[in-house]
Structure formats: C-alpha cells, structure tokens
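J.: Just a sequence and a predicted model for now, questions to come.
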Amino acid sequence: MELKIRKNGDTYIIDVSGEMDLYNSYKLKELVMKMLEKKVERYIINLQGVDYIDSSGIGALIYICSTLKKMNLRLTITNIHGSVKKVIELTKLMGYFPISATIDDAIKQMEAHN
C-alpha cells in the first residue's frame, strides 16, 4: 500500500493505492493521527488505487471516521469501486462512511460545509 498526500485549499487528499490489509492498513491510521497533531481539519481519503481491502482495512477506515467525527472534523471517502465497494456494502457501512463519487464531488461537499 502506498500513501500520497496532496492539498486543495484547506483540504488534504490522501491517495491510497495497493492493498489495504492486515499488513499495512495501520499506516493510514498513523498518517491521519500525525495529520491530526498538525491540526488538519479536512480529509479526503481517495481509494481509487485500492483494489483489495480486508477487515483490518475496513477497521482502519472505521477508526479514522469515528475519531474525526468525535472531533467534529470533516472526512469524505471517495472513488470506492470494485471489490472494495462490495466489501463496504456487505458490511453495511455505505451509510456509515461519508462517501463521494469523485474527488471533485468531495471537494464541493467540503466547501459547502464551511
């Protein structure tokens, strides 16, 4: 799994690629926790490059989502597709996660909630 961060205004986009599994999903949690220390308030997690996710990857997303919700910070998960989408649907989490179809949609959502 590879993580890249880019910025759009006040929003940080985390591009995730590869497999989100037991061996590496903690990296995403650690990255978000480091960003929290730097007072980042808006996050978009882009899963476009993710073609596989297991329960620990889902667990990492739940942890990030619940942590940010508790702190009243903004999060959108975008570009969910293929088997990743199936797993999220099977676990009944489509309604739990704040999801946008594209990064552009996610950015518009963030800006609408200023």
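T.: Perfect, thanks for sending it. These figures come from a predicted structure and were not determined experimentally. Numbers count the residues shown, from 1 in each chain.

J.: May I have the strands that pair with the longest strand along the chain, each with its orientation?
T.: Counting residues, the longest strand in the chain under DSSP state E turns out to be strand 42-53. Strand 42-53 has the following sheet partners, assigned by DSSP bridges: strand 11-20 (parallel), strand 74-78 (parallel).

J.: quick one, helices of this structure?
T.: For the chain, the helices defined by DSSP state H occupy 25-37, 55-70, 82-90, 103-112.

J.: what residues are up against the nearest residue to G18 once chain neighbours are set aside?
T.: The spatially closest residue to G18, leaving aside those adjacent along the chain, is M1, at 4.1 Å (Cβ to Cβ, 6 or more residues apart in numbering). For every residue, glycine as well, the C-beta is placed using N, CA and C. By Cβ atoms under 8 Å, 6 or more residues apart in numbering, the contact set of M1 is V16, S17, G18, E19, M20, D21, N24, S25, K27, L28, V50.

J.: In the protein, which residue is most central in space?
T.: I45 (3.0 Å; Cα atoms, centre = their mean).
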